[in-house]
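Undergrad: My questions are about this predicted structure, shown below with the sequence.
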Amino acid sequence: MADIRLSKLHQLNGELTVPGDKSISHRTAMFAAIADGISTIKNYSSAIDCQSTLDCMRQLGTTIRREGQDIHVHGKGLRTLSEPDDILNCGNSGTTMRLLCGLLAGQNFSTVLTGDASLRRRPMDRIIKPLVNNGAEILGRQSNRLAPLFIRGKSLSDVIYELPVASSQVKSAVLLAGLYAAGSVQVTEPVASRDHTERMLAFCGVDIRRDGNIISLEKNRKLSARDFQIPGDISSAAFLIAMGLLVPGSHLRLKDVGINPTRTGLLTVLKNMGADLRIENERSVSNEPVGDILVQNAELRAVEIGGTLIPKLIDELPLIAVIATQAQGKTVVKDALELRIKESDRISAIVGELKKMGASIEETKDGFVVEGPTPLHSAVCNSYDDHRIAMALSVAAWIADGESTIKDADCVGISFPEFYNMVRNL
């Protein structure tokens, strides 16, 4: 693994396009594979995680070919996946493993899913329980909690589930299993979580309905091939937005970024903090809202973050910790216990590393408290092989005095391989 040394930056100006959205890329690969016809995917994410999804779909019998920057997926219909001749390796991708659990639960063959050491430590029971309770057969280590997972595909009847906490991955897994169910399919969530799955199913011609927080699949569950244009990933853009806010004299335009309202919690929080943010050129692309985000350096104030906003910015919370070190007052993040079961314990990781850099930050059971503004200084920081921790700490290093080292920084390739080059080019 490679370390990187970073020093304070002075003024960032420019216009750039961020890579394709990870969450949407995973779904296009899976949905195109079970659609009727050839789908073309433009701006598919370059992230290693999304390559894992393509590799798994190929092993399940789908023909996938690249032509320049485009990916062509030869879908043969809902029930045409085939039994792989080897274990499916999801790499570091929790999204790949969790969504595949739903997709494979209703097949007429068996599969085994595994991943790297990090993924094999991450809990899968919140996906397994609702699927098993609806007739699926899934076995895993430690009382069906951990991968590797064995899935014996079987016929499903009704698929009905009420989520105890909002989770787009659980919701998506249940809906994917529901595509293969003979009876009713209904998912109820306590608050709205990422809705890329619902938008994409509707875009592909599936009869999907939403009534309040109840999502149901009607009789037509067949998917038709489509041409997909994947918007820029707002979770990747977030780190560049932070740089535009925190580096004095900066002005940035991030083009064609996905601004799905279930993903824009970061923008809401930053505006509440006094950020100078604007969205221009808003439009719909492949049933997803897209726009250009303009950001420039601004003085920030502290906020409190919790409740229904958390699912809309769960991936950005380590970055918010960094931003909060430069905001006036006490920033409080709560209701974010899920951060402890990501690629790392992100609460412990970001708090511990920012303390090394002089931040006034303390962890709580389900979040953290930051007092600011505080000048940051250089340090040797551990990424914990977690791409979002590495990028958040890189932002901190670029506004800190001295030269900092981020250990094992090449883990950013999991989600945003272009990250360091993009900042260098600015």
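TA: Done, it's in.
Undergrad: Contacts only, for the residue lying closest to G205 once chain neighbours are set aside.
TA: Once flanking residues are discounted, G205 sits nearest to S224: 4.4 Å by Cβ to Cβ, 6 or more residues apart in numbering. (Glycine included, C-beta is placed from N, CA and C.) S224 sits next to 35-37, 204-205 when contact means Cβ atoms under 8 Å, 6 or more residues apart in numbering.
Undergrad: All the helices of the chain, residue numbers only.
TA: Using DSSP state H, the helices of the chain run over 22-33, 48-59, 94-105, 117-120, 125-133, 141-144, 168-178, 196-203, 234-246, 265-272, 317-324, 346-356, 387-398, 419-425.
Undergrad: gap between the third one and the chain center?
TA: Relative to the chain's own centre, helix 94-105 is displaced by 14 Å; criterion: Cα atoms, centre = their mean, to the nearest Å.
Undergrad: what's that helix packed up against?
TA: helix 22-33, helix 48-59, strand 110-114, helix 125-133, strand 137-140, strand 146-152, helix 168-178 (3 or more Cβ pairs under 8 Å, 6 or more residues apart in numbering; DSSP states H and E).
Undergrad: Which one of the ones you listed lies nearest to K42?
TA: helix 22-33 (9.7 Å; Cβ to Cβ).
Undergrad: so what's the residue nearest to G205 bridging to?
TA: Bridge pairing for S224 (DSSP bridges) gives the partners D36.
Undergrad: Confirm for me that I320 is in contact with V269.
TA: Yes: shown here, I320 and V269 form a contact pair, counting by Cβ atoms under 8 Å, at 6.6 Å.
Undergrad: Which residues are in contact with each of those two?
TA: Common neighbours of I320 and V269 (Cβ under 8 Å, 6+ apart) are 305, 313.
Undergrad: So between these two, which is more surrounded?
TA: I320 (26 against 23; other Cβ atoms under 10 Å).
Undergrad: show me the contacts for the more buried one.
TA: Per Cβ under 8 Å, 6+ apart, neighbours of I320: 266, 269, 305, 313, 331, 333.
Undergrad: if you set the cut-off to 10 Å instead, what comes out?
TA: 238, 242, 265-266, 269-270, 273, 303, 305, 313, 327, 331, 333, 336, 350, 368, 370, 392 (Cβ atoms under 10 Å, 6 or more residues apart in numbering).
Undergrad: How about S46?
TA: S46 touches 19-20, 22, 25, 69, 413, 415-418, counting by Cβ under 10 Å, 6+ apart.
Undergrad: end to end, how far does stretch 273-290 reach?
TA: Start and end residues of stretch 273-290 are separated by 23 Å (Cα to Cα, to the nearest Å).
Undergrad: Can we start the residue count at 24 from this point?
TA: Got it, the first residue is 24 from now on, which makes the last one we talked about stretch 296-313.
Undergrad: so how far is it off the chain centroid?
TA: With Cα atoms, centre = their mean, you get 18 Å for stretch 296-313.
Undergrad: cool, stretch 396-404 as well?
TA: Distance, stretch centre to chain centre, for stretch 396-404: 27 Å (Cα atoms, centre = their mean).
Undergrad: ok so, going back, which one of the helices and strands packed on helix 117-128 lies closest to K430?
TA: So among these, helix 71-82 is nearest, using Cβ to Cβ, at 18.6 Å.
Undergrad: Could you list every helix and strand in contact with that closest one?
TA: helix 45-56, strand 86-90, strand 93-99, strand 111-112, helix 117-128, strand 133-137 (3 or more Cβ pairs under 10 Å, 6 or more residues apart in numbering; DSSP states H and E).
Undergrad: Show the average pLDDT along the second one.
TA: Across strand 86-90, pLDDT averages out at 94.
Undergrad: what sits against E327?
TA: Taking Cβ under 10 Å, 6+ apart as the test, what E327 contacts is 292, 295, 353-357, 390, 392.
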